[in-house]
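In: My questions are about this predicted structure, shown below with the sequence.
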Amino acid sequence: MVLVSLVAAGALAGLVPEAPRAAAQQPDFDAVNVRSFRVQENVYMLVGAGGNVTVQIGADGVLVVDTQFAPMADKLLAEIARLSGNKPIRYVINTHVHGDHVGGNERFRRAGSAIVAGNVAFEIGGNAGALIIAHENAQRRMVDPGPGAAPVPAAALPTDTFFDDEDEVYFNGEAVRLLHQPAAHTDGDILVFFRKSDVVSTGDLYVNTGYPFVDVARGGTINGIVNALNAIIDLTVPRDKQEGGTMVVPGHGRIADEADVVEYRDMITIIRDRVQLMIGKGMTLQQVTDAAPTADYDGRYGATSGFWTTEMFVEAVFRTLGGQS
């Protein structure tokens, strides 16, 4: 699974604190090509090594959601320059803390230029760079990653944070809403909703490559994941026959729509409810694992090796629902 190996690689690179239990090799970044896909209107998805990157392009410049791994930054910037006609990057938004989504922050910031009070901002002696926006919980975990992990370099940290339920930016003639989803994938995840383009960029709150990574060490819970999936569904409106309409850029995987998210939400909810029922019967983690509450979905989403296995997912569900071994 691309998702799990790349997240683990970010951890081993020191960009995600506290490396996961299963080790993984870093991708061969030199061999990775960046591909771009137009989602709709002036919003694009870029795929390389790490989480999907969302790009909004317009007369005011470029807004970027997530920056993949640091070694991918120049390739991503080259593709963004090609798509935009060399327009400047004004904003970078981080959906959460993991290194496969924020690793390129420093390079992107230096490549961009912020707009302050209607003017391009300059520091004494140089360009102030693009603004980087994140929830304060994501910034806090970058600064204080926990035992055994190095903090993110100061130049890669968010320049602007928010602590309320949401923040907003008006850019390229479009309202862009940043919606915090508490205690979900982590405790600092946000959804980014491009209201005019009708696109939702989800970070790892929604992926369609495997079971969701519930990062318990960083405040993640299964109920928060379910709530975030419901929040995505609340934002989306389908077109004919439940297809199209609002488009969804997942943290990993292909472009989706409401029907895809509904199917994934239903699956996660069913597994959550099964485990909750087993906990209510007093079953231990081993008994729950042996009962295989994910069995009918494993062919599509399961994994027996790598960073995030099915057993790890079941354990995270069990622990965050209050199960006792």
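Out: Arrived safely.
In: part of a helix, is residue 190?
Out: No - Residue 190 is assigned strand when assessed by DSSP: H, G, I helix; E, B strand; the rest coil, not a helix.
In: Can you give me the pLDDT of it?
Out: We have a pLDDT of 98 for residue 190.
In: which residues of this structure score low on pLDDT?
Out: 1-25, 117-127 (pLDDT under 70).
In: and if we set it to 80?
Out: Residue ranges of the chain with pLDDT under 80: 1-26, 115-128, 148.
In: could you show me where the helices are in it, in order?
Out: Secondary structure of the chain by DSSP state H: the helices cover 2-12, 73-84, 99-102, 105-111, 136-143, 222-235, 258-280, 285-291, 298-301, 310-320.
In: Can you tell me the closest non-neighbouring residue to the residue positioned nearest the centre of the chain?
Out: Against the mean C-alpha coordinate of the chain, by CA atoms, centre = their mean, the closest residue is residue 203 at 2.1 Å. Distance criterion CB to CB, 6 or more residues apart in numbering; nearest residue to residue 203, sequence neighbours excluded, is residue 95 at 2.7 Å. Every C-beta, even on glycine, is put in place using the N, C-alpha and C of the backbone.
In: Quick check, the one you found in contact with residue 68.
Out: No - under the criterion of CB atoms under 8 Å, residue 95 makes no contact with residue 68, lying 11.9 Å away.
In: list residues touching both of these two?
Out: Common contact partners of residue 95 and residue 68 (CB atoms under 8 Å, 6 or more residues apart in numbering): 51, 101.
In: one step back: angles on the backbone of the residue nearest to residue 203, please.
Out: Residue 95 adopts backbone torsions of phi -80, psi -20, taken as degrees, to the nearest 10.
In: Spell out the residue ranges of the strands in the stretch 1-150 of the chain.
Out: 35-40, 43-47, 53-58, 61-65, 89-93, 115-116, 119-120, 122-123, 126-127, 131-135 (DSSP state E, counting those that start in this stretch).
In: Tabulate these (JSON lines), appending mean neighbour count and distance to residue 180.
Out: Output for those, formatted as JSON lines (neighbours: other CB atoms under 10 Å; distance: least, CB to CB, whole Å):
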{"stretch": "strand 35-40", "mean neighbour count": "15", "distance to residue 180": "23"}
{"stretch": "strand 43-47", "mean neighbour count": "22", "distance to residue 180": "21"}
{"stretch": "strand 53-58", "mean neighbour count": "24", "distance to residue 180": "17"}
{"stretch": "strand 61-65", "mean neighbour count": "27", "distance to residue 180": "15"}
{"stretch": "strand 89-93", "mean neighbour count": "24", "distance to residue 180": "12"}
{"stretch": "strand 115-116", "mean neighbour count": "14", "distance to residue 180": "24"}
{"stretch": "strand 119-120", "mean neighbour count": "10", "distance to residue 180": "29"}
{"stretch": "strand 122-123", "mean neighbour count": "10", "distance to residue 180": "30"}
{"stretch": "strand 126-127", "mean neighbour count": "12", "distance to residue 180": "30"}
{"stretch": "strand 131-135", "mean neighbour count": "26", "distance to residue 180": "5"}
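In: so which of the ones you listed comes closest to residue 155?
Out: Nearest to residue 155, of all these, is strand 131-135, at 9.7 Å by CB to CB.
In: And the closest one, what does it pack against?
Out: Contacts defined by 3 or more CB pairs under 8 Å, 6 or more residues apart in numbering; DSSP states H and E place strand 131-135 against strand 89-93, helix 105-111, strand 160-162, strand 174-181, strand 189-194.
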